[in-house]
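Asks: Fold the following and give me the result.
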Amino acid sequence: MSTVPVHSGNERDAGVVEEICGYLTESPPRSYFLFAGAGSGKTRTLVEVLRRMTGVVQHEKGGELARRMRIYGRSIRVVTYTKNAVAVINGRLGDNHLVCVSTIHAFCWELISGFNDDIRDALISVKQAQLEKETAEALAKPRGITPAKQRDLDEIRDDIAAFAQTEVFLYHPDRDTYGAGALAHKHVLDATAWLLTHRATLRAILKDLYPIILIDESQDTMKGMLDALMGLAEPRGSGLTLGLLGDHRQRIYTDGHADLPSRVPGNWATPELQMNHRSQLRIVKLINRIWEAKLEGRTQPANGVEQHARTEKTGGVVRIFVGDTNRTVEKKVTGEQWCADQMRQATGAVEWETDMYQLLALEHKLVATRGEFLDAYSAMALIDPNSAAPSGSGENKGPSAVQMLLNELAQLEACINAEGVLDQFCATEVFRRFGRLDSLSESEGNRENRAAEMLTAINAFAAASIDPEATVEQVLTPALSANLFDAHPRLSEAFSDKSAPPPPPGRGEEESKTDRMRRGWCALFAAPWSQLQKYRTYLAGDSSMATHQVVKGSEFSHVMVVMDDKLAGGHQISYDKIFGGAELSKSDRDNMDKGKETSIDRTLRLLYVTCSRAQESLALVLWSSDPAAALERIKNSEWFSEGEFVAIE
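Replies: Numbers count the residues shown, from 1 in each chain. You can find the predicted model right below:
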């Protein structure tokens, strides 16, 4: 293949589309990993490649590939991270029968749906491997298998037994699925990865349908699934060609490989997008410096492409504000408003004065604290930590067992005014929508009795829901007692259990899943009902404050990043360590010695993600345990110039 011409300025990446087209039309085709940093035009590049490979745009070799795919009834499969990304790509691509775009979950379910015996074998094998691994790890510890660990192992055995007795498996990639045989998202990914590795027939079907698979956001794609597909693409000419698109610097989920570039086979092509079309020059320079930083505790390589801003984007404003983390939440909020005013003065942008900037937080607990729904969020995180918070993929809508609280009862509550008066027409529509009027008795007397029972319960629900002091238990009681809506069995069971919650585990102690969930249910029932509305708003992505997970792939003119380790409540991330306000932990140093990922590695990635959302101006607000030390480190970091770092008054 001819050498790709060198471009400069805003056309620096002009040759990448044709470069990738060359890889896909070689004989045999060549797999590749496209490094595409923040704001680099990755989606545009992907769509332009697809248009050439399917004959939409005239391309000699692409046209030949399109003709062959039509003859054999094949197409190019594009796997994206979110349903929104699917819509964006399809919208730009138009009606194109040679390209099929979907989320990873929809792709996997399409492959295995209906093969119930194979799904059962896969799930049992995956769970059995998990059981053996966790048993071996527990036995290797000084305390051996503790009672709490034994309960977890027993639950895995129960899962295996349940899978063995399931005849038909149910799943829908776009919504939660309930009932016997219903699969969670993770189950579908695990089963597909296992079957692609162990079933030659499925491998043959996949290659016959989709000789080319392009995977967006590959750095966050589940390791098992990605490894299975990469294995199928080897050796070159095997019948499957992979194109991975992504930026390992933006990996925010542990499902993906820690250092994806190191996993790419040496014979793969590695094209790069060097431009950042999103941000002003000052912001691009900052994110480059962040990623290049040589910090104590960093074990991941600083590999990746240095980005270039567009030639006309020569400005941009960056500030970092540092304050004392021991301030109250109220004083921190006031301090952040002061920071916004400083940004207004520095930029002249009215958005900083009118709260039109985007507020980003370290993690969900911090958002829940600032948003005043911490009790509800903490309870949900104990019940199901994997679905308690919104995600960039848009899948998480809260734990499946509490959906009646978040959907049916939320809609019924909307039929009640501030004085507690029920709009009966509105309520009737809610009950009709959820099929609760279909089962009414044909007997007139029974219907009247049931209607009276429901109305009494609704009025009790209405009175409780407008009480600012009401708990979830008080509001839920009339709804469950009168069976107003179908309740998840786990919700009904937990509500009926009036035993006291187990004590939280002590430092270094293990807690079984059963005890954790029981503590969660008790906390939820005791939480203020008023917090659920705020929690629902956050799940829907409508909160004024968001986390880095939720805004993945998004961009905003003006961004404030709030960094508050104390309120975040976790040990995996620490901005204070990055900026010198806190020392490395023993765990960090142990991981350094073993070459494992540290809190420094994780925090640098998240800092890169949040900072790279900003187009025009960026404010970093650090609440530090040692503001003076942090300011001194910042001053000497070469990340910021004089006047760009400020102590919060």
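
Asks: List the contacts of stretch 163-173.
Replies: In this structure, residues lying in contact with stretch 163-173 by CB atoms under 8 Å, 6 or more residues apart in numbering are 102-103, 105-106, 109, 113, 116, 119-120, 123-124, 127, 177, 179-183, 185, 187-188. C-beta here means a position set from N, CA and C on the backbone, and glycine is covered the same way.

Asks: Go through stretch 461-471 and flag the buried ones.
Replies: 461-466, 470-471 (16 or more other CB atoms under 10 Å).

Asks: So which residues of the chain form strands?
Replies: For the chain, the strands defined by DSSP state E cover 32-36, 76-80, 99-103, 212-215, 241-246, 272-273, 275-276, 308-309, 317-324, 358-361, 545-547, 556-563, 614-624, 645-647.

Asks: Nearest to A452 among the ones you listed would be which one?
Replies: Proximity to A452, assessed across those by CB to CB, is greatest for strand 545-547 (44.4 Å).

Asks: Alpha carbons of stretch 454-473, as CSV, please.
Replies: In CSV, the C-alpha atoms belonging to stretch 454-473 read as follows (Å, rounded to 0.1, in the frame of the first residue of the first chain):
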residue,chain,number,x,y,z
MET,A,454,-58.0,0.8,45.5
LEU,A,455,-59.4,4.3,46.1
THR,A,456,-58.8,4.0,49.9
ALA,A,457,-55.2,2.9,49.2
ILE,A,458,-54.7,5.6,46.7
ASN,A,459,-55.9,8.3,49.1
ALA,A,460,-53.6,6.9,51.8
PHE,A,461,-50.8,6.9,49.3
ALA,A,462,-51.6,10.5,48.3
ALA,A,463,-51.6,11.7,51.9
ALA,A,464,-48.3,10.1,52.6
SER,A,465,-46.6,11.2,49.4
ILE,A,466,-47.1,14.9,50.1
ASP,A,467,-45.9,14.7,53.7
PRO,A,468,-42.3,16.1,53.6
GLU,A,469,-41.4,13.8,56.6
ALA,A,470,-42.8,10.6,55.1
THR,A,471,-40.5,7.6,54.6
VAL,A,472,-40.5,5.2,51.7
GLU,A,473,-42.0,2.6,54.0
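
Asks: Straight-line length of stretch 289-299, end to end?
Replies: End-to-end span of stretch 289-299 (CA to CA, to the nearest Å): 17 Å.

Asks: do the same with stretch 297-311
Replies: This stretch, stretch 297-311, spans 35 Å end to end (CA to CA).

Asks: which regions of the chain sit below the pLDDT cut-off?
Replies: For the chain, the stretches flagged by pLDDT under 70 are 1-6, 174-176, 178, 252-254, 362, 391-396, 541-553, 568-571.

Asks: hey, which helix is longest across it?
Replies: helix 116-139 (DSSP state H).

Asks: re the thing from before, I'd like the strands of the chain written out as TSV, with distance to S574 and mean neighbour count added.
Replies: Shown next, in TSV, are the strands of the chain (distance: least, CB to CB, whole Å; neighbours: other CB atoms under 10 Å):
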stretch	distance to S574	mean neighbour count
strand 32-36	27	24
strand 76-80	32	24
strand 99-103	32	21
strand 212-215	31	24
strand 241-246	25	25
strand 272-273	31	20
strand 275-276	27	24
strand 308-309	30	21
strand 317-324	15	22
strand 358-361	14	23
strand 545-547	16	21
strand 556-563	9	23
strand 614-624	11	26
strand 645-647	19	18
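
Asks: closest to P489 out of those strands?
Replies: Between P489 and these, the shortest separation by CB to CB is 28.5 Å, and it involves strand 99-103.

Asks: what's the burial count for G643?
Replies: The tally of other residues near G643 (other CB atoms under 10 Å) stands at 8.

Asks: Can you give me the distance of it to V318?
Replies: Per CB to CB, to the nearest Å, G643 is found 10 Å from V318.

Asks: Give me the outermost residue of the protein relative to its centroid.
Replies: Distance from the C-alpha centroid of the chain peaks at G445, with 51.1 Å (CA atoms, centre = their mean).

Asks: can you give me the helices for the stretch 501-649 of the chain?
Replies: Remark: helices assigned in the stretch 501-649 of the chain by DSSP state H, counting those that start in this stretch are 513-526, 530-539, 565-568, 575-578, 586-594, 599-611, 627-635.

Asks: deepest of those, which one?
Replies: Stretch with highest mean neighbour count among the helices of the stretch 501-649 of the chain: helix 575-578 (a mean of 25; mean count of other CB atoms under 10 Å).

Asks: Show me what that one packs onto, helices and strands only.
Replies: Applying 3 or more CB pairs under 8 Å, 6 or more residues apart in numbering; DSSP states H and E, we find helix 575-578 packed against helix 599-611, strand 614-624.

Asks: I'd like these as CSV, with distance to R436 appended.
Replies: CSV is the format used below for the helices and strands packed on helix 575-578 (distance: least, CB to CB, whole Å):
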stretch, distance to R436
helix 599-611, 43
strand 614-624, 47
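
Asks: closest to R518 out of the ones you listed?
Replies: helix 599-611 (30.2 Å).

Asks: which residues are in contact with the closest one?
Replies: Contacts to helix 599-611, defined as CB under 8 Å, 6+ apart, come from residues 38, 249-252, 283, 286-287, 290-291, 293, 295-300, 360, 362, 548, 551-552, 559, 561, 571-575, 577-578, 584-585, 587-588, 618, 620.

Asks: just stretch 449-459 next, same as before
Replies: 412, 422, 427, 431, 440-441, 478-479, 481-482, 484.

Asks: can you name the two of the residues you listed that are farthest apart?
Replies: So, these by CB to CB: farthest apart are L422 and S441, at 22.9 Å.

Asks: between those two, who's got more neighbours?
Replies: Set L422 next to S441 and count neighbours by other CB under 10 Å: L422 wins out with 17 against 11.

Asks: pretty sure the more buried one is touching A414, no?
Replies: No. L422 lies out of contact with A414 (CB atoms under 8 Å); the separation is 11.0 Å.

Asks: re the thing from before, of the contacts of helix 599-611, buried ones?
Replies: So, by 16+ other CB under 10 Å, the buried ones in those are 38, 249-252, 283, 286-287, 290-291, 293, 295, 297-300, 360, 362, 548, 551-552, 559, 561, 573-575, 577-578, 584, 588, 618, 620.

Asks: Cool, thanks, signing off.
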